[in-house]
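K.L.:
Everything below, folded, please.
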Amino acid sequence: MQHSIEWQEGAINASPEERATVADLRLFLNNQNVTKYLLDDKLGDHVTIALYGLVEGLVHRWWSIFGARDREFFLKNYRMGYLLPDVRIQFDGAVFEVSSHQCVYTNPDLRFWGGASEVLSRKDGEVWLSTFVEEVLTRLDSQGVRETGAALRWKRVKASRHSQESAFCEAAGSLGLDPYQIADDMADFIEKAEDLFTAEPLTEFVSGAKEVDQHRLIEWASRMIGPKGSNHRLANLRPIVEKIAKEVPARPGEQAWAAGYRRARAMRKALDLKQHSRLASFRDLASRLGAPTSYNLAPKVNGINALRREGPNGIHIHVRNHGNYEGAKTSHLFTLARAIGDAACFPDPEASPINRLRNAYRQAAGRAFAAEFLAPIDEVRSMLEDEYDEYSIANEFGVSPNVIEHQIENEDRIQKACD
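P.N.:
Numbering: from 1, shown residues only. You can find the predicted model right below:
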């Protein structure tokens, strides 16, 4: 993602912040100019806008941009009355997906085209956002407009980014909260979560707790992570994931789903599961990884599906009871497979939550792993050719029909990732 700014002198805006930051702005995604527009049958290649409002919005939402996992951020929300293309930013914990969408304004009748998109690493995305903010704040300073709300906020954000409080700030942002003005009970919840999780698992745990009883959830997680026996230990999992990590190494810039698909195939190979092999239940899967006969579900709680932790004697996985509803059996199996996938894709010994987040890197990797591990696409394709329908295939594999539907939809990228 790139931008160009050409400052305009002599602006007549009322506020000094806006007056100092009027500029011709061009934004580029994958080398496509997304600030091109059509106005009265004439083409334009830039927008003229006071950039202060955009920067103020970015710095005040900084921690939410980096913390939220299932939300998009719209640049046009900070346009302050100016016309901006519909550029959206979404972060999954590892990469930014930046996309432009068609946008039409009336009075004046103006149209921005959409369709361009770009995937940026966290580092590249952070560099671009920081550079954009710094460029505008430097302009303000050169025009004698100092100590603005955006400048003061940015100073505080920069201090947090380079300190131990960055994890707390990102976790607060995942809930859409301002880490500098946060209620005591929410701060207490995040601080307790920091005692259990670090880095991305911390953000994903907190982000998944937005609409649940957080006190009960943190108590549940504390009980699971605390000293335990071997009832939830998968004795053979640690050596297998270390072997897989060496044989199927991570690829720079790899999408989460690609890592999940590749390591799912490696796990089936390690367990000597043939293409036609089925897993009867979560206990069947657990037993193949060295779980004791007493392996069972953990108590019910909202906000998490399973918890993976490292014990002194290997990896423990606590699958919470999903209840007695019709799909509970398939949910338990799929959830355990997702937790195993988390260990296979992220083998570092750490505690990690498995929850309902969709646009979160670790959750996406584990979900892709579980789908290909339990219902390999090659076998699904073979059964389709034998005229099985999706529901029959799902029943054969012990998964939901949605899993089979997604496997079929994603067949091309599964094969591409595994080539």
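
K.L.:
how much distance is there from stretch 325-343 to the middle of the chain?
P.N.:
20 Å (CA atoms, centre = their mean, to the nearest Å).

K.L.:
In that stretch, which residues are buried?
P.N.:
If you call a residue buried by 16 or more other CB atoms under 10 Å, then stretch 325-343 has these buried ones: 330-343. Every residue, glycine included, has its C-beta placed from N, CA and C.

K.L.:
Then stretch 289-309?
P.N.:
Within stretch 289-309, the residues that qualify as buried are 289-291, 295, 297-298, 301-309, counting by 16+ other CB under 10 Å.

K.L.:
Next step: the buried residues of stretch 325-343 restricted to helices.
P.N.:
330-343 (DSSP state H).

K.L.:
Looking at these, which is nearest residue 204?
P.N.:
Using CB to CB, residue 342 comes nearest to residue 204 of those, at 10.1 Å.

K.L.:
tell me the pLDDT at the closest one?
P.N.:
pLDDT, residue 342: 97.

K.L.:
same thing with the one 5 residues further on?
P.N.:
Model confidence at residue 347, expressed as pLDDT, equals 94.

K.L.:
Report the secondary structure state of it.
P.N.:
Classification of residue 347 by DSSP: H, G, I helix; E, B strand; the rest coil places it in coil.

K.L.:
was I right about it contacting residue 247?
P.N.:
No - applying CB atoms under 8 Å, one finds residue 347 not in contact with residue 247, separated by 11.9 Å.

K.L.:
residues touching residue 339, list them.
P.N.:
306, 307, 308, 317, 319, 352, 354, 366 (CB atoms under 8 Å, 6 or more residues apart in numbering).

K.L.:
Kindly apply the preceding question to residue 32 instead.
P.N.:
100, 116.

K.L.:
now residue 57
P.N.:
Applying CB under 8 Å, 6+ apart to residue 57 gives the contacts 77, 78.

K.L.:
got the residue ranges for the helices in the stretch 201-350 of the chain?
P.N.:
Along the stretch 201-350 of the chain, counting by DSSP state H, counting those that start in this stretch, helices occupy 214-225, 237-247, 256-270, 282-288, 328-345.

K.L.:
domain assignment for this protein?
P.N.:
Following automatic domain parsing, the chain resolves into domains at 2-160, 228-418.

K.L.:
measure the last one end to end?
P.N.:
Meaning domain 228-418. 38 Å (CA to CA, to the nearest Å).

K.L.:
again with stretch 24-34
P.N.:
Stretch 24-34 end-to-end distance (CA to CA) = 13 Å.

K.L.:
tell me what the lengthiest helix in the chain is packed against?
P.N.:
Taking DSSP H as the criterion, the chain has its longest helix at helix 122-142. Identification of packing neighbours for helix 122-142 by 3 or more CB pairs under 8 Å, 6 or more residues apart in numbering; DSSP states H and E yields strand 2-7, helix 16-20, helix 52-60, helix 62-67, strand 86-91, strand 95-101, helix 149-161.

K.L.:
just checking, next helix/strand downstream of the shortest one?
P.N.:
Once the chain leaves helix 16-20, the next helix or strand it forms, by DSSP states H and E, is strand 22-29.

K.L.:
burial measure for residue 181, as a count.
P.N.:
Per other CB atoms under 10 Å, the neighbour tally for residue 181 reads 7.

K.L.:
Distance of it relative to residue 407?
P.N.:
Residue 181 sits 45 Å away from residue 407, going by CB to CB, to the nearest Å.

K.L.:
In contact with the nearest residue to residue 112 once chain neighbours are set aside, which residues are there?
P.N.:
Nearest residue to residue 112, sequence neighbours excluded (CB to CB, 6 or more residues apart in numbering): residue 85, at 4.0 Å. Taking CB under 8 Å, 6+ apart, we find residue 85 in contact with 27, 34, 35, 37, 47, 75, 76, 100, 103, 112, 114.
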